[in-house]
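Participant: give me a 3D structure for the following:
(one chain, ligands or ions: 2)
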Amino acid sequence: MNNFAFLRAENADDAVRAVNANTHAAFIAGGTNLIDIWKYNLRHPELLVDINHLPDCSAITKTVDGGMRLGALVTNADTAYHPLIESRYPLLSKAILAGASAQIRNMATDGGNLLQRTRCYYFYDANAPCNKRVPGSGCAAINGYNRIHAILGASEHCIAVFPSDMCVGLAALAAVVNVTGPNGERRIPFADFHRLPGDQPDLDNNLQHGELITSIDLPPKGFEQNYSYLKLRDRQSYAFALVSVATGLELDGDVIKDARIALGGVAHKPWRVAEAEESLKGKAATPENFAEAAAVILRGAKGYEHNSFKIELAKRAIIRNGMMAVEPESQRPGAKPSL
Ligand SMILES: Cc1cc2nc3c(=O)[nH]c(=O)nc-3n(C[C@H](O)[C@H](O)[C@H](O)COP(=O)(O)OP(=O)(O)OC[C@H]3O[C@@H](n4cnc5c(N)ncnc54)[C@H](O)[C@@H]3O)c2cc1C
Ligand code: SF4
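Facilitator: Ligands and ions are numbered 1, 2, ... in the order given. Sure thing, here's the model as predicted:
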């Protein structure tokens, strides 16, 4: 039995102050990840600060620049089915709905989604060495069963992947995370929010202890005409991605004016390569051109004993998803993609 205190915060300042004052305090939103982590004995908060009643964090609103703001406490389900998100950012709706189950999406919040922990089996096994759980203890996955692990951006200290689907969509859209903390407010571009493992794999992201996510901003450009999210996994439902791809295209006829491609399931953070996206501009949206971009995105990829297949899988997924983005109607249930 682990004793803990529980505080229901009425405003963001109180929540930040309470968590900042205790290194063993944690915010709790939907609880779908934190409670699991707790039950696995990976974390024992002394103080749980319930943020579900904070004002101003539970709505989806328009921003002055023509984009949209997702309150951190909006559920994944309410985000995916919001009429303006469905119509203006269908890529994000699709990414969210590819994740978890209807029940979990009803509880899971948008802020919490960004902070979910890896699904590396050894992270959850207290008997296994794991630098993310116990810094300096080693990494059981590198020479272990590493089918679900990273092929990009890994280090000799950790080869875990970040498991979110929603965040792959947010990366492709170049969202911005709004945070308030002991030192005030800041805005973090999505590409800088999560981090690679390096020699500190215990840190998943660049948030400081006591910092609270208040909202996530979506820029005006939503790629609502040409988009696709493709998730490849061992089971068609209720499973994390082996590889996922979020693609947004702006087309002039069949010529690409702008392109975004983000990969999930392959690295410690959603993976985007600006050079590959730039290289597509001015080219026709063809499998051959997506294949060239895929080669750039997967440059430097490294497989381990059980996951080398992911390199080719990711390349093929980028090509297929690019062509699906050209014809988003091909994603309707029952429709066949053109490749
Ligand atoms: C069985 C199962 C299957 C799943 N499958 C998928 C999947 O396929 N794809 C996918 O993307 N996700 C999946 N998920 C993950 C799920 O989306 C996350 O658990 C959920 O989004 C976390 O949100 P939450 O509100 O429940 O967070 P919580 O569990 O409440 O919190 C998670 C972490 O975030 C912190 N936190 C929460 N909100 C804030 C905030 N506003 N500011 C600062 N810190 C905060 C907490 O302190 C905690 O450390 C799955 C989860 C489960 C249990
Ligand atoms: S891959 Fe990372 S999370 Fe998994 S065992 Fe190694 S250090 Fe731990």
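Participant: let me see the ranges of the strands in the stretch 51-200 of the chain.
Facilitator: 60-62, 68-71, 176-181, 184-189 (DSSP state E, counting those that start in this stretch).
Participant: what's the neighbour count on the closest residue to residue 220 other than its chain neighbours?
Facilitator: In space, and not counting its chain neighbours, residue 220 is closest to residue 66: 3.9 Å by Cβ to Cβ, 6 or more residues apart in numbering. Glycine gets a C-beta too; all of them are placed from N, C-alpha and C. By other Cβ atoms under 10 Å, 10 other residues sit near residue 66.
Participant: so residue 66 makes contact with residue 221?
Facilitator: No - counting by Cβ atoms under 8 Å, residue 66 stays clear of residue 221, with 9.1 Å between them.
Participant: run the chain-centre distance for the helix or strand of the chain with the lowest mean pLDDT.
Facilitator: Across the helices and strands of the chain, the lowest-confidence element by mean pLDDT, DSSP states H and E is helix 34-39, at a mean of 95. Going by Cα atoms, centre = their mean, to the nearest Å, the spacing between the C-alpha centre of helix 34-39 and its chain's C-alpha centre is 19 Å.
Participant: quickly check: that helix near ligand 2 or not.
Facilitator: No - Helix 34-39 is not in contact with ligand 2 by Cβ under 6 Å from any ligand atom; minimum separation 12.6 Å.
Participant: would you tell me what the next helix or strand after that helix is?
Facilitator: The first helix or strand that comes after helix 34-39 along the chain, using DSSP states H and E, is strand 47-50.
Participant: would you mark the buried spots in that following strand?
Facilitator: Using 16 or more other Cβ atoms under 10 Å as the test for burial, strand 47-50 gives 48-49.
Participant: that strand close to ligand 1?
Facilitator: No - residues of strand 47-50 are not located near ligand 1 by Cβ under 6 Å from any ligand atom, the shortest gap being 8.3 Å.
Participant: got the contact list for residue 101?
Facilitator: Listed by Cβ atoms under 8 Å, 6 or more residues apart in numbering, the contact set of residue 101 reads 237-238.
Participant: if we use 7 Å, what do you get?
Facilitator: Counting by Cβ atoms under 7 Å, 6 or more residues apart in numbering, residue 101 touches residue 238.
Participant: could I get stretch 223-231 in PDB with only the CA atoms?
Facilitator: Extracted C-alpha coordinates of stretch 223-231, given in PDB (Å, rounded to 0.1, in the frame of the first residue of the first chain):
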ATOM      1  CA  PHE A 223      -4.100  19.900 -45.300                       C
ATOM      2  CA  GLU A 224      -7.800  19.200 -45.300                       C
ATOM      3  CA  GLN A 225      -7.900  18.400 -49.000                       C
ATOM      4  CA  ASN A 226      -5.000  15.900 -49.200                       C
ATOM      5  CA  TYR A 227      -4.100  14.000 -46.100                       C
ATOM      6  CA  SER A 228      -3.700  10.400 -44.800                       C
ATOM      7  CA  TYR A 229      -2.800   8.600 -41.700                       C
ATOM      8  CA  LEU A 230      -1.600   5.000 -42.000                       C
ATOM      9  CA  LYS A 231      -1.000   2.800 -39.000                       C
END
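Participant: pull the residues that contact that stretch.
Facilitator: Outside stretch 223-231, the residues touching it (Cβ under 7 Å, 6+ apart) are 87-91, 94-95, 98, 165, 169, 241, 244-251, 260, 317, 320-321, 324-326, 328, 331.
Participant: tell me the mean pLDDT for that stretch?
Facilitator: The predicted model assigns stretch 223-231 a mean pLDDT of 98.
Participant: if we can go back for a sec, type out the PyMOL command that picks the buried ones from the contacts of stretch 223-231.
Facilitator: Listed next is the PyMOL selection for buried residues among the contacts of stretch 223-231, using 16+ other Cβ under 10 Å:
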select buried, resi 88+89+90+91+94+95+98+165+169+241+244+245+246+247+248+249+251+260+317+320+321+324+325+326+328+331
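Participant: the contacts of stretch 223-231 in helices, which ones?
Facilitator: Among those, the members found in helices (DSSP state H) are 87-88, 90-91, 94-95, 169, 317, 320-321, 324-326.
Participant: quick one: which of those residues is nearest ligand 1?
Facilitator: Lowest distance from ligand 1 to the ones in helices among the contacts of stretch 223-231 (Cβ to the nearest ligand atom) belongs to residue 95, with 8.0 Å.
Participant: nearest spatial neighbour of the closest one, skipping sequence neighbours?
Facilitator: residue 169 (3.3 Å).
Participant: for residue 37, same thing?
Facilitator: residue 43 (4.9 Å).
Participant: what is the burial count for the one you found?
Facilitator: So residue 43, with other Cβ under 10 Å, has 15 neighbours.
Participant: am I right that it is in contact with residue 35?
Facilitator: No - in this structure, residue 43 is not within contact of residue 35 by Cβ atoms under 7 Å, at 10.0 Å.
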